[in-house]
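Colleague: Just the structure for this:
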Amino acid sequence: MLDTHNQKKDKDKIRSFCLSISKRNTDIPEVIDEYSEILNLTKADTICQIIREYPTLKNKERFREMQAMGLS
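Modeller: Prediction:
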């Protein structure tokens with residue numbers, strides 16, 4: 001028998017985390033605000049977008065490095 005009450009609780013859970021910014025990264029909130037305005041997203045969505053795009057950007061960087069070395 002399925003417990004639908006517990007399933008509903010799981011759906012309603014708020015998933016969150018706290019981003020602590022050290023003194024040496026005090027510019028980060030402003031950067032996130034700027035990207036949020038450019039992308040027209042919330043701060044949370046902006047951070048997620050940046051994280052999702054990171055592997056693609058990293059691959060492009062590797063490709064450029066290989067081109068500079070004449071490997072591609």
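
Colleague: Give the burial count for residue 47, as a bare number.
Modeller: Counted with other Cβ atoms under 10 Å, the neighbours of residue 47 add up to 16. To be clear about C-beta, it is placed using only N, CA and C from the backbone, and glycine gets the same treatment.

Colleague: contacting residues around it?
Modeller: Residue 47 sits next to 19, 32 when contact means Cβ atoms under 8 Å, 6 or more residues apart in numbering.

Colleague: Next, find the distance separating it from residue 19.
Modeller: Note on residue 47: its distance to residue 19, by Cβ to Cβ, to the nearest Å, is 8 Å.

Colleague: Residue 69 now?
Modeller: 37 Å.

Colleague: Check residue 39 too.
Modeller: For residue 39, the distance to residue 19 (Cβ to Cβ) stands at 17 Å.

Colleague: can you give me the helices for the protein?
Modeller: 4-12, 28-39, 43-68 (DSSP state H).

Colleague: now the ones you listed in TSV, with mean pLDDT?
Modeller: Output for the helices of the chain, formatted as TSV (pLDDT from 0 to 100):
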stretch	mean pLDDT
helix 4-12	60
helix 28-39	95
helix 43-68	92
